[in-house]
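Output the structure for:
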Amino acid sequence: MPPIPPSPAPNPSATEPSPRLGRLIGAVYRRWRRAVDQSFRELGLTDASRAPLVALYESPAPSMRQGELADLLALDKSSLVRVLSQLREMGLVEWEADEADRRAKSIRLTASGRAMARRMLRKSLEIEAQILEALSPEELQTTRSALEKIARRLTEV
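Numbers count the residues shown, from 1 in each chain. Prediction:
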């Protein structure tokens with residue numbers, strides 16, 4: 001893997017965001033996703049398929065509307081439909097018309113989907129631990145706090 005670009009130089013002003021920070025976040029995301037994809041390749045799945053499986057698995061409700069799942073994952077509905085169709089063909093999810101709104105689809109994991117989601121979640125946590133082992137607990141907390149703040153801000157923009 002090519003090296004991650006260096007951190008941006010300190011900002012002279014907090015109101016002048018560095019365009020390089022966005023590039024750095026993008027580079028980290030792409031490399032992280034590549035590492036996850038490589039580990040899931042043997043399962044015939046990718047990070048894109050992991051996200052809805054794990055979200056459905058971690059949901060307290062037995063099913064979730066397709067639109068809610070798309071919003072939760074910050075995906076457009078057409079992208080999610082492609083992934084859900086693949087997962088359905090693999091027997092990992094199923095859907096039916098939502099009882100409250102027959103136009104909406106209610107998505108749920110099959111028994112095989114729950115087992116796969118557990119497996120993928122464990123593997124994801126292992127990968128995350130390997131990636132983040134170079135950070136101290138303080139660095140990790142600072143990074144997490146900063147990224148959460150950025151994510152909240154992006155929902156406002």
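
Might you report the residue contacts of V93?
52-53, 56, 84, 87, 107-110, 113 (CB atoms under 8 Å, 6 or more residues apart in numbering). For every residue, glycine as well, the C-beta is placed using N, CA and C.

if we go to 10 Å?
Neighbouring residues of V93 by CB atoms under 10 Å, 6 or more residues apart in numbering: 49, 52-53, 56, 63, 69, 83-87, 107-110, 112-113, 116-117.

out of the residues you listed, which are buried?
49, 52-53, 56, 63, 69, 83-84, 86-87, 107-109, 113, 116-117 (16 or more other CB atoms under 10 Å).

Filter these down to the ones in strands?
The members of these that map onto strands under DSSP state E are 107-109.

Let me know the closest of those residues to A74.
I107 (16.5 Å; CB to CB).

how about low-confidence regions in this structure?
1-19 (pLDDT under 70).

Pick out the residue closest to the middle of it.
Nearest residue to the geometric centre of the chain (CA atoms, centre = their mean): A51, 4.8 Å.
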